[in-house]
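In: fold the following and give me the result.
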Amino acid sequence: MILAAGLALLAAVLHATWNIVVKQTGDRFLALWCQFVFAGSLALIGLVGWTIVDGQPNIAWWWSISSGCGHLPYVILLARAYDKNDFSLTYPIARGAGALSSAVLGLIFLGDDLSTLSMTGIAIVVFGLWVLVLGQPMNNIFPALGVAITIGIYSVIDAHGARNSDPVAFALSVFVSGATTITVWALITRAKDLKKFIATQWKPAAFGGTMSIIAYSMVVYAFTLAPVGYVATMRESSVVIAALAGWKYLKEDDHKRRLISATVVVLGLIVLVTGR
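Out: Residues are numbered from 1 along each chain as shown. Okay, the predicted model is just below:
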């Protein structure tokens, strides 16, 4: 359990970092697409090398493809959410509520076991997010909540796939599937913009793609060590980084309430870990 917590916390740092890169890019959808292209390419190279050296790894491909499809609405909604709101508002809502939806769906579909104290911790996290959204126009909040729902769905899919595969190989396969799905959509909707964007923005995209594949591989492996809700909620400690980055780095307003909300979320995470 300690290993799962450590992996999830390190993944949180990497995840917040590449999301900051996306927020600072003018076209957020193309930034996310470009990151997935680089991450998917790295993952494909890794899987080919794995197959050559040690034979074809065990991968539940149908679950991987399902996860890849789930990442398309995630990217679309996340880009829209970043267009509408500050980073320190959107990111905590999407990730914190995503942990809740992961926990609930894990209980329903995977039979994960969370103690009463752990569920209390998740409730505290939700309260912290409620503090964050007070007074915000709901039309601006809906895209972030939509991101949270997609996180819950693909987290459960990934947990099931990882538990029935080699977890690291499965994580790599998810990036291949996600890159394929998102690229098909990008070709349908934004084909004329892709070449120019990747030519000018490949450096931040390569950085973000590398961070995302490392972070997600850690999380998927952690799914094999602990319940989905536990891992997903630990990963969402990245909301603290988002609140601090929004205040100090991106110069966003309302930092006191956002830091208070992040503190409440951290307390919820402590209760969650204690409950295990």
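In: hmm, Ile65 is touching Ser177, no?
Out: Yes - counting by CB atoms under 8 Å, Ile65 does reach Ser177; the two are 5.1 Å apart. (Each C-beta comes from the backbone N, C-alpha and C, glycine too.)
In: contacts for the strand or helix carrying Tyr230 next, please.
Out: Secondary structure from DSSP states H and E places Tyr230 in helix 228-235. Residues outside helix 228-235 that contact it (CB atoms under 8 Å, 6 or more residues apart in numbering) are 1, 4-5, 8-9, 11-12, 15, 95, 98-100, 102-107, 110, 112, 114, 118, 121-122, 125, 151-152, 155-156, 159, 219, 222-223, 225, 268-269, 272-273, 276.
In: next structured bit after it?
Out: helix 238-244.
In: chain center to stretch 162-182: distance?
Out: Chain-centre distance of stretch 162-182: 14 Å, with CA atoms, centre = their mean, to the nearest Å.
In: buried residues in that stretch?
Out: For stretch 162-182, a neighbour-count test (16 or more other CB atoms under 10 Å) marks 162-163, 165-182 as buried.
In: stretch 263-274 too?
Out: Applying 16+ other CB under 10 Å to stretch 263-274 flags 264-266, 268-269, 271-273 as buried.
In: which other helices and strands contact the longest helix anywhere in the chain?
Out: The helix that spans the most residues within the chain, counting by DSSP state H, is helix 167-223. Secondary-structure packing of helix 167-223 (3 or more CB pairs under 8 Å, 6 or more residues apart in numbering; DSSP states H and E): helix 2-23, helix 28-54, helix 61-84, helix 138-163, helix 228-235.
In: how big is the angle separating the longest one from helix 167-223?
Out: The reference is to helix 28-54. With axes from the mean of the first three to the mean of the last three CA atoms, to 10 degrees applied, the angle from helix 28-54 to helix 167-223 works out at 120 degrees.
In: okay, angle between helix 28-54 and helix 61-84 too, please.
Out: Between helix 28-54 and helix 61-84, the angle comes out at 150 degrees (the same axes, to 10 degrees).
In: what about helix 28-54, average pLDDT?
Out: Mean pLDDT, helix 28-54: 95.
In: how about that helix: buried residues?
Out: In terms of neighbour count (16+ other CB under 10 Å), helix 28-54 has its buried residues at 28-44, 46-47, 50.
In: ok, stretch 78-95 next?
Out: By neighbour count, and taking 16+ other CB under 10 Å as the criterion, the buried residues in stretch 78-95 are 78-82, 84-95.
In: and that stretch, C-alpha only, in PDB?
Out: In PDB, the C-alpha atoms belonging to stretch 78-95 read as follows (Å, rounded to 0.1, in the frame of the first residue of the first chain):
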ATOM      1  CA  LEU A  78     -10.400  19.300 -20.700                       C
ATOM      2  CA  ALA A  79      -9.500  21.700 -23.500                       C
ATOM      3  CA  ARG A  80     -12.900  23.400 -23.200                       C
ATOM      4  CA  ALA A  81     -12.600  23.600 -19.400                       C
ATOM      5  CA  TYR A  82      -9.200  25.300 -19.600                       C
ATOM      6  CA  ASP A  83     -10.600  27.800 -22.200                       C
ATOM      7  CA  LYS A  84     -13.300  28.800 -19.800                       C
ATOM      8  CA  ASN A  85     -11.600  29.000 -16.400                       C
ATOM      9  CA  ASP A  86      -8.400  29.500 -14.500                       C
ATOM     10  CA  PHE A  87      -6.000  26.500 -14.100                       C
ATOM     11  CA  SER A  88      -6.300  26.600 -10.300                       C
ATOM     12  CA  LEU A  89     -10.100  26.300 -10.600                       C
ATOM     13  CA  THR A  90     -10.500  23.800 -13.400                       C
ATOM     14  CA  TYR A  91      -7.800  21.400 -12.500                       C
ATOM     15  CA  PRO A  92      -8.900  20.800  -8.800                       C
ATOM     16  CA  ILE A  93     -12.500  20.300  -9.900                       C
ATOM     17  CA  ALA A  94     -11.700  17.900 -12.700                       C
ATOM     18  CA  ARG A  95      -9.200  15.800 -10.700                       C
END
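In: among the contacts of helix 228-235, which ones are buried?
Out: By neighbour count, with 16+ other CB under 10 Å, those hold 4-5, 8-9, 11-12, 15, 95, 98-100, 102-107, 110, 112, 114, 118, 121-122, 125, 151-152, 155-156, 159, 219, 222-223, 225, 268-269, 272-273, 276 as buried.
In: before I go, just wanted to say thanks for your time.
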